[in-house]
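Chemist: structure for the following, please:
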Amino acid sequence: MQKNNRVWEIDFIRGTAIILMVIFHLIVDLKDFYSYDIEYLSGFWSYEGKLSAILFMLVSGVSCTFSKSNMKRGLKVFSFGLILTAVTYIFSPEMYIRFGILHFLGTSMILYSLINKLSTKLLLTASTLIIIIGNYFLKMTVQSPYLFVIGLTDKNFGSMDYYPLMPWLSVFIIGIVIGRVVYKERKSIFNFTLENTYMSFLGNHSLLIYLLHQPLLLATLYVLHAFK
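Modeler: Numbers count the residues shown, from 1 in each chain. A predicted model of the protein is given here:
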């Protein structure tokens, strides 16, 4: 039986995304703070990090089709994103998080009420156009420093975590389509459940884990390297 109308596989996938994200940030910390010879801006670890973000975006889109409080949830997630912006600015004024995954997810949830008015066919069309436009934006440099939210950046732009609406909103929209088509009855599509596993627990508490994992990682690495 589903508890609180939760679909277990959604939490499971979100839990998978959390694990991938923690691993990726561990790799980043080892490289940036302890000079380990690991490449994370390209190759395997880059793809691993992007997969984590994509899973979060897809699940967020699906979850919005279940919820009636997307505006409230979006404002909450975006607010935590702003806190991360402030904290990272203190430590890295040149590469602080300007529009990271929390900013993106919060904004997407806020926009959901508008996006959801489109038909499924129009959503798929919009998703395709956003991918095309977004990839075009990636090749551009503009004069204004204030268009980074939509994917247009100036030559001095830097952010340690960056997921602009173009092209990433396309992934969130695909999640909405999946929610409409695959989860139109708002229940699990499987005839078995794994909802009591650790993965589901992680998925159910993903925001808290996201906010706490990096300080815990850095503290753990500091202790481990202090006694080497």
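Chemist: contacts, neighbours, all on C-alpha from now
Modeler: Will do.
Chemist: which strands or helices does the helix or strand of the chain with the lowest mean pLDDT pack on?
Modeler: Lowest by mean pLDDT, DSSP states H and E among the helices and strands of the chain is helix 198-204, with a mean of 84. Applying 3 or more C-alpha pairs under 8 Å, 6 or more residues apart in numbering; DSSP states H and E, we find helix 198-204 packed against helix 8-34.
Chemist: helix or strand next in line after the helix it packs on, which one?
Modeler: helix 43-64 (DSSP states H and E).
Chemist: that following helix: which residues count as buried?
Modeler: Of the residues in helix 43-64, 45, 48-50, 52-64 count as buried by neighbour count, 16 or more other C-alpha atoms under 10 Å.
Chemist: same thing with stretch 110-127?
Modeler: For stretch 110-127, using 16+ other C-alpha under 10 Å, the buried residues are 110, 112, 115-116, 120, 123-124, 126-127.
Chemist: restricted to helices, list these.
Modeler: 110, 112, 115, 120, 123-124, 126-127 (DSSP state H).
Chemist: go through these and name the one nearest residue 161.
Modeler: Distance to residue 161 across these (C-alpha to C-alpha) is lowest for residue 110, with 20.2 Å.
Chemist: can you pull the pLDDT of that closest one?
Modeler: pLDDT, residue 110: 97.
Chemist: and the angle from the helix or strand residue 207 falls within to helix 43-64?
Modeler: Secondary structure assignment for residue 207, by DSSP H and E: helix 206-226. Going by axes from the mean of the first three to the mean of the last three C-alpha atoms, to 10 degrees, helix 206-226 is angled at 150 degrees with respect to helix 43-64.
Chemist: how near is residue 106 to residue 146?
Modeler: 19 Å (C-alpha to C-alpha, to the nearest Å).
Chemist: and residue 67, by the same measure?
Modeler: Applying C-alpha to C-alpha, the value for residue 67 to residue 146 is 32 Å.
Chemist: ok, these two, which is more surrounded?
Modeler: Between residue 67 and residue 146, residue 146 has the larger neighbour count (other C-alpha atoms under 10 Å), namely 13 against 10.
Chemist: ok now do residue 11, which residues does it touch?
Modeler: For residue 11, the contact set (C-alpha atoms under 8 Å, 6 or more residues apart in numbering) comprises 195, 199-204.
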